[in-house]
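Asker: Task: produce atomic coordinates for the following.
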Amino acid sequence: MDAELAAAVPPVRDAAAHRRQVGSLRTGRVTLVDHSKVYDPVAGGARVEDYFALLKPRVMSLVVFTAIIGLLLAPGGINPVLGIIAILCIAIGAGGSGALNMWYDADIDRVMSRTLNRPIPSGRVTPGEALAMGIICSGFSVAILGLATNWAAAGLLAFTIFFYAVVYTMWLKRSTPQNIVIGGAAGAFPPMVGWAAVTGDISLASVVLFLIIFLWTPPHFWALALYKQGDYGAAGIPMMPNVKGERSTKLQILVYSVILAIVSLAPVAIGMSGWLYGAVAAITGASFVWFAWRLYRSTETVAMKKLARSLFTYSLGYLFVVFLALIVDHAARLMGWL
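Answerer: Modelled structure (predicted):
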């Protein structure tokens with residue numbers, strides 16, 4: 001077996017025993033976590049990079065990129081300085097919600113191999129520091145965005161932070177295998193926030209941008225869950241492969257991939273973009289479906305995990321290429337090249 005794949009799938013531990021060990025208590029559909037039992041301080045204290053890691057910079061980069069797309073595609077334009085302020089506020093808001101997520105998820109982060117070195121479980125940052133940072137960044141970003149642009153954009157940003165930190169992190173993530181489907185809305189809102197920062201409203205075009213990311217999220221994360229399902233199982237997170245099984249997960253990945261490929265052509269249908277974007281969307285969408293089809297047809301475990309990892313990797317580039325094509329197409333049409 002591939003050594004990297006073998007290392008990525010640790011033995012599954014009993015989730016209930018793990019929750020008792022770290023001191024979490026399930027009340028209704030929300031899990032309350034005793035953070036005093038998930039933090040072991042290390043000598044030397046936190047460094048600047050530890051606090052920066054709380055903001056989930058990789059997730060933040062995707063949020064910023066898609067928010068910029070929404071801001072640039074919105075009609076009317078915006079003062080460059082205000083545009084920069086808007087993007088910074090969206091980035092800080094995303095970072096704040098990321099810090100709140102790390103604060104709440106510290107107990108399961110200690111169990112998963114890919115997260116055990118995060119600032120709280122590694123003992124470099126206290127849960128209280130993470131909570132304070134998340135609240136301050138969230139409140140600051142919403143207030144400044146409202147003052148600099150408009151309160152419609154600020155309201156959308158506040159709702160996005162709430163949806164990710166509370167609805168997804170505290171409720172959906174630990175209670176349903178549909179956590180990614182419903183919770184994926186949080187990651188799909190940034191282009192709508194960027195759009196609203198310019199226009200002060202929501203339009204069909206901004207909703208289409210939302211839908212592309214929303215439909216991209218399940219196959220992206222379920223592919224990750226397929227080759228990391230031991231990690232999620234050890235943490236007791238009800239990801240689709242652990243609850244519904246691999247075959248059901250692969251089928252749903254394929255279905256979402258087909259719908260995504262179709263919806264990605266919507267910008268052409270509503271006149272938001274032209275043939276250049278349409279060609280890119282058609283090719284990349286067909287490729288996405290091809291990766292998903294190969295994964296669906298796989299039966300042997302090692303091959304399946306390799307194909308899941310391939311789809312996950314491709315999906316990262318897919319979103320970047322599709323949104324970049326939107327901007328290039330938009331700019332080319334403004335200049336009369338298309």
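Asker: Could you break the chain into its assigned domains?
Answerer: 23-202, 203-338 (automatic domain parsing).
Asker: any idea which of those scores lowest on pLDDT?
Answerer: For the domains of the chain, the weakest mean pLDDT is recorded on domain 23-202, namely a mean of 89.
Asker: for this protein, which helix is longest?
Answerer: Longest helix in the chain, counting residues (DSSP state H): helix 301-334.
Asker: Just the strands from the chain, written as ranges.
Answerer: 24-27, 30-33 (DSSP state E).
Asker: ok, residue 96 - contacts?
Answerer: Listed by Cβ atoms under 8 Å, 6 or more residues apart in numbering, the contact set of residue 96 reads 55, 133, 134, 135, 136, 137, 138, 139, 140, 141, 161. Any C-beta I mention is one placed from the backbone N, CA and C, and that applies to glycine too.
Asker: residues near the residue nearest to it when sequence neighbours are not counted, how many?
Answerer: What sits nearest to residue 96 in space, not counting adjacent residues and going by Cβ to Cβ, 6 or more residues apart in numbering, is residue 137, at 3.1 Å. When neighbours are defined as other Cβ atoms under 10 Å, residue 137 has 24 of them.
Asker: Just list what the longest helix of the chain packs against, helices and strands only.
Answerer: With contacts taken as 3 or more Cβ pairs under 8 Å, 6 or more residues apart in numbering; DSSP states H and E, helix 301-334 sits against helix 3-8, helix 57-73, helix 204-227, helix 246-263, helix 275-297.
Asker: Tell me what angle the third one forms with helix 246-263.
Answerer: Spelled out, that is helix 204-227. 160 degrees (axes from the mean of the first three to the mean of the last three Cα atoms, to 10 degrees).
Asker: Show me what helix 204-227 is packed up against.
Answerer: helix 57-73, helix 179-188, helix 190-199, helix 240-244, helix 246-263, helix 266-269, helix 275-297, helix 301-334.
Asker: Highest mean neighbour count out of the ones you listed?
Answerer: helix 190-199 (a mean of 28; mean count of other Cβ atoms under 10 Å).
Asker: Run the angle between that helix and helix 57-73 for me.
Answerer: Using the same axes, to 10 degrees, helix 190-199 lies at 40 degrees relative to helix 57-73.
Asker: list the contacts for the closest residue to residue 288 other than its chain neighbours?
Answerer: Spatial nearest neighbour of residue 288, chain neighbours left out: residue 257 (5.1 Å); criterion: Cβ to Cβ, 6+ apart. Residue 257 makes contacts with 219, 288, 289, 291, 292, as judged by Cβ under 8 Å, 6+ apart.
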